[in-house]
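1. What would the 3D arrangement of this be:
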Amino acid sequence: MPLEIPILIGGAANAMDALFSTFLLSTSSTGLLSGRNKTLIYPMKPFAPTPASPVISDVETKEKPERSMRTKGGSADNYGDRSSIQGSSSPMQMPQTKPQYLSPRTRSREPSAAAALCIALDELINNFIDPPHLRSSVDPRHVLSNNWAPVNELPPTPCPVIRGAIPACLRGGAYIRNGPNPQYLPRGPHHLFDGDGMLNALLLPRDGDGEAPATLCSRYVRTYKYLLERDAGGPVLPNVFSGFHGAAGIARGAVAAARILTGQMNPAAGVGLANTSLTFFGGRLYALGESDLPYAVRMSPEDGDITTLGRCDFEGKLSMGMTAHPKKDPATGELFAFRYGPVPPFLTYFRFDAEGKYKTGEDVPIFSLAQPSMVHDFAITERFAIFPDIQIVMKPMDMVAPGGGSPVGSERGKVPRLGILPKYARSDAEMRWFEVPGFNLMHALNAWEEGEDTIVLVAPNVLSIEHALERMELVHSSVEMVRIELRSGAISRTPLSAENLDFGVIHPGYVGRKNRFAYLGVGDPFPKISGVRKLDFSLCGRGDCVVAARDFGPGCFGGEPFFVPAGPSRGEEDDGYVVLYVHNEDNRESKFIIMDARSPQLDLVAEVILPSRVPYGFHGLFLTQDEIRAQRPH
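-> Purely as a prediction, here's the structure:
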């Protein structure tokens, strides 16, 4: 039976990317890789932006894959409710098609002498210095097994509703989930987070009674890395998280430098994967990965197809990278974000206005962060931004230490902290740090203020942090409510549930405001999600706060749930639906499910059978019909 290799979702690999990009950018002494030089060494069809567009480079690609898997859609009769996903069956017969596994590709041209030499050096390193089978956590035979195995792109394809009907408030909208999906099978070690970003987008029917077919489309984000390797016919950039380990990592870095010096790649054009999450603001949808700039993508309102518009630097005002977890203030429409990296300042905070234009002259470097820490997520309130300083740090010198190690690892002697900064601060002189021993925040649920002196933060606390990078099956995440008294500095912590919960979401209209409910995935073990739990924060201090639960059933696993409000006006906070993809590992069938967020068992409202397997992924969002129509055309 293949070994299931877990990962730390959403951060450690991007910390590695930051180290890698810093190394690559430092290899040039000619100015070729200067941040000001936007010329791409590898030719790409330019995207011509309008004067107001923040897109600086990339291509507009509309090519279709060689093979299309289309199915006939149709409506379905309702049938009885069940407490699990497994066991529900369709009243219609779906065409028996094989899953779309990644198929080998041929080179578009023979490699140059320099490229052939670099490939040979890669093979030497992978076969004799660092063969992947010696480290099971990065052995592709194990890592890319079961529903982590990559798939090909899927053009817009009908998907029948096999249970219930799509609720009226969701019709015409789309659920889009990001995740890693390697374009090519790796030559050497591979970590799940090393995969190219693929968007799995389901456009729901807009008309009728909610029983018309939905449309699934799966497309790669056309990053610079994706396009470079697509044209080269194989991997070019090293797998950052799995490849930079000990002496082999140094050797791979040398091969990467050789590729730069011989003009095979230009890291200034971006080394990121855009495989972590998405955000929608200012009329534009972005695919995000914190080691690079955002990539603008667009969903067609007609058929749900996804097109990559380009890599965005917001008129030259955004550099290096941006968090994959920005926070949109529901009252102002502003987007708050940050970047982090291995060189000072290790953390930089910034924001965008509601129209999607980068705020000029307002970068806030956080020099009080004394060492490069992995800052994957943060939280905002009406007046403050809250940053974690956790026990996972960047330690590049560990690569050359005796025995060789990873440049990102845990530091057990470090005391985690939370930094509180006014949202509109002009410098980090206003930053205050509070020690919170043992509290390692990877994903924040929400934060708010109570009175003038108290900040409340709710987040999963990653326990056994020393195992989080490669042995996540040993990690338990305990959701906690942390209260910070700004005046006295007193901190209190209260657990909300004994279960292993992470990948949580709330009603988007309550970001930064006091809210009551959250919806989280059940790790069984992480990163597999075997069910969903609803927490009620108002029960804090009175025992377990789980008030609704649904398990997917034996052999069935999903991912991060997403909450979709029933309407734009603020009514009951939990008036809405929880949506996500679920995969049955026994019959290799994937579905999209909709659950009633207010019901005690998170009752199934509708199910859509998908025409091909959708691999497990990371974070997603739901676009309403109005938001899809409001997208900028370019």
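
2. What helices and strands are in contact with the longest helix that the chain contains?
-> For the chain, the longest helix by residue count, based on DSSP state H, is helix 246-261. Applying 3 or more C-beta pairs under 8 Å, 6 or more residues apart in numbering; DSSP states H and E, we find helix 246-261 packed against helix 12-25, helix 113-124. For the C-beta atoms, the positions are set from N, CA and C on the backbone; glycine is no exception.

3. mind listing what Ile366 touches?
-> Residues in contact with Ile366 (C-beta atoms under 8 Å, 6 or more residues apart in numbering) are 345-349, 387, 419, 421, 428, 431.

4. Which pair of these spans the longest distance?
-> Distance extremes for those: the farthest pair is Phe346 and Leu421 at 14.4 Å, using C-beta to C-beta.

5. picking up where we left off before, ok now the longest helix of the chain, how far from the chain's centre?
-> Remark: helix 246-261 is offset 27 Å from the chain centroid, using C-alpha atoms, centre = their mean, to the nearest Å.

6. Name the residues of the helix or strand following that helix that are buried.
-> Proceeding N to C from helix 246-261, the next assigned helix or strand is strand 277-281, under DSSP states H and E. Along strand 277-281, these residues count as buried under the neighbour rule (16 or more other C-beta atoms under 10 Å): 277-281.

7. got it, and stretch 346-353?
-> 346-352.

8. among the residues you listed, which are in helices?
-> Using DSSP H, none of those sit in helices.

9. Going by distance to Tyr510, which of the residues you listed wins?
-> Looking across those and measuring by C-beta to C-beta, the closest to Tyr510 is Arg351, at 19.4 Å.

10. The closest one and Gly333 touch, don't they?
-> No. Counting by C-beta atoms under 8 Å, Arg351 sits too far from Gly333 to count as a contact (11.1 Å).

11. what's near enough to touch the closest residue to His619 other than its chain neighbours?
-> Excluding its sequence neighbours, the residue lying closest to His619 (C-beta to C-beta, 6 or more residues apart in numbering) is Ser277, at 3.6 Å. By C-beta under 8 Å, 6+ apart, the residues touching Ser277 are 10, 178, 287-288, 324-325, 618-621.

12. picking that back up, quick check: mean pLDDT of the longest helix of the chain?
-> Averaging pLDDT along helix 246-261 gives 91.

13. Buried residues of that helix, list them for me.
-> 246, 248-249, 251-253, 255-260.

14. What residues does Met431 make contact with?
-> Contacts for Met431 (C-beta under 8 Å, 6+ apart) come out as 366, 368, 419-421, 425.

15. would you turn these into TSV with pLDDT and secondary structure?
-> Shown next, in TSV, are those (pLDDT from 0 to 100; DSSP: H, G, I helix; E, B strand; the rest coil):
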residue	pLDDT	secondary structure
Ile366	97	coil
Ser368	96	coil
Gly419	98	strand
Ile420	98	strand
Leu421	98	strand
Ala425	95	coil
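
16. Nearest to Leu117 among the contacts of Ser277?
-> Of all the contacts of Ser277, Ala287 has the smallest distance to Leu117: 33.4 Å, by C-beta to C-beta.

17. State the distance from the closest one to Thr215.
-> With distances taken as C-beta to C-beta, to the nearest Å, Ala287 is found 19 Å from Thr215.

18. Of those two, give the one with the bigger neighbour count.
-> Between Ala287 and Thr215, Ala287 has the larger neighbour count (other C-beta atoms under 10 Å), namely 29 against 24.

19. follow-up on the earlier one: could you list which of the buried residues of stretch 346-353 belong to strands?
-> Among the buried residues of stretch 346-353, the residues falling in strands (DSSP state E) are 347-352.

20. Looking at those residues, which is nearest Arg206?
-> The closest of those to Arg206 turns out to be Phe352 (C-beta to C-beta; 29.8 Å).

21. isn't the closest one right up against Ala337?
-> Yes. Here Phe352 reaches Ala337: they are 7.2 Å apart, a contact under C-beta under 8 Å.

22. quick one: low-confidence parts of the stretch 451-600 of the chain?
-> Scanning the stretch 451-600 of the chain for pLDDT under 70 picks out the ranges 467-469, 472, 569-570.

23. Repeat the analysis, applying 50 as the threshold.
-> For the stretch 451-600 of the chain, no stretch is flagged by pLDDT under 50.

24. Can you get me a residue count around the residue lying closest to Val236 once chain neighbours are set aside?
-> Nearest residue to Val236, sequence neighbours excluded (C-beta to C-beta, 6+ apart): Glu229, at 5.0 Å. Counted with other C-beta under 10 Å, residues neighbouring Glu229 total 21.

25. Check which helix or strand Glu229 maps to.
-> helix 224-232.

26. Report the buried residues of that helix.
-> Going by neighbour count (16+ other C-beta under 10 Å), the buried part of helix 224-232 is 224-230, 232.

27. Same question for stretch 111-126.
-> Quick answer for stretch 111-126 (16+ other C-beta under 10 Å): 115, 118-119, 121-122, 125-126.

28. same thing with stretch 304-323?
-> For stretch 304-323, burial by neighbour count (16+ other C-beta under 10 Å) applies to 304-306, 308-315, 317-318, 320-323.
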